[in-house]
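1. Give me a 3D structure for the following:
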Amino acid sequence: MPPGESPPPATPVVTLRSLITGTCHEIHKYAESVVGTGVMRSIAEFVEMVIHFLAEGAASGLNVIAVYVTEILRVTGFDVALTLPRFTPEGVTAVAQWGLLALIGYWVLSIILRLLIGVLRQVFWVVKTVLSLWLFGLIVSDTTASADTTAIRLAGLVLGYVLLSLISCESEKTVTVENRLSRLEGRLKAVEKRKGDE
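-> Got it, this is the predicted structure:
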């Protein structure tokens, strides 16, 4: 590099964390432009207050349960020299945040996997079709084979194509049946609830 030139700029590394934080910042900027910064600050303070209130309630409830469990263990004859840990609102909040993060991660991962499986099904269909057409062309263009041999090869090709179609179609039918069954279960619960209310 000549002495008067500056080094070329390094390309930024995109990580999952930078992608998520960038997306969150953009959503925050958009929300602030729509409703204003004062409203966003008020919403953030309200959510923080609600989370703190719920965390304090959950922590005190867990502490009461811990006292009862300790007392039950002591009465039944267990050595309760080590008492159950004291739950704090900060600890409850941290566990809730990690649980929420795991839930969101599961949701995003399930969406990505569904999309990936859908794409793979389409790719499999294209590969199956192209391969079948190519084999059909090879079978038909073989001039050294007799008519019986060509017919047997074509029958094998059709049988293979049908079997591959049935295998891929079977999994789609299973998913469809499961979805219909869950919808019917939901309707049945709604009907039972209505009958119970009457």
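2. So Asn63 sits against Phe87, correct?
-> Yes. In this structure Asn63 lies within contact range of Phe87 using C-beta atoms under 8 Å: 5.3 Å. C-betas here are computed from N, CA, C, even on glycine.
3. pLDDT value on Ser110, please?
-> pLDDT, Ser110: 92.
4. ok, and it, which helix or strand is that part of?
-> Assessed by DSSP states H and E, Ser110 sits inside helix 89-141.
5. Quick check: what element follows that helix along the chain?
-> Heading C-terminal from helix 89-141, the first helix or strand you meet, by DSSP H and E, is helix 147-197.
6. so what does that next one touch, helix or strand wise?
-> The elements that helix 147-197 packs onto, with contact taken as 3 or more C-beta pairs under 8 Å, 6 or more residues apart in numbering; DSSP states H and E, are helix 89-141.
7. The spatially most central residue of the chain and Ala151: what is the separation?
-> For the chain, the residue sitting closest to the mean C-alpha position, by C-alpha atoms, centre = their mean, is Ser110 at 2.4 Å. Noted for Ser110: a distance of 47 Å to Ala151, by C-beta to C-beta, to the nearest Å.
8. Ok, Val35 next?
-> For Val35, the distance to Ala151 equals 72 Å [C-beta to C-beta].
9. same deal with Arg114?
-> Here the criterion is C-beta to C-beta. By it, Arg114 lies 42 Å from Ala151.
10. go on, Ser182?
-> Counting by C-beta to C-beta - Ser182 and Ala151 are separated by 47 Å.
11. Check Lys29 too.
-> Remark: distance between Lys29 and Ala151 (C-beta to C-beta) = 68 Å.
12. One more: Tyr30?
-> The separation that Tyr30 has from Ala151, given C-beta to C-beta, amounts to 65 Å.
13. Output the below-cut-off pLDDT ranges for the chain.
-> Counting by pLDDT under 70, the chain contains low-confidence residues at 1-12, 81-84, 169-175.
14. Next, the contact list for Glu56, please.
-> Pro89 (C-beta atoms under 8 Å, 6 or more residues apart in numbering).
15. Distance check, Arg183 against Val177.
-> Applying C-beta to C-beta, the value for Arg183 to Val177 is 11 Å.
16. residues shared between the contacts of the two?
-> When contacts are counted by C-beta under 8 Å, 6+ apart, Arg183 and Val177 are jointly contacted by no residue.
17. neighbours of the closest residue to Ala55 other than its chain neighbours, just the number please.
-> Closest residue to Ala55 in three dimensions, ignoring its sequence neighbours and counting by C-beta to C-beta, 6 or more residues apart in numbering: Pro89, at 4.0 Å. When neighbours are defined as other C-beta atoms under 10 Å, Pro89 has 17 of them.
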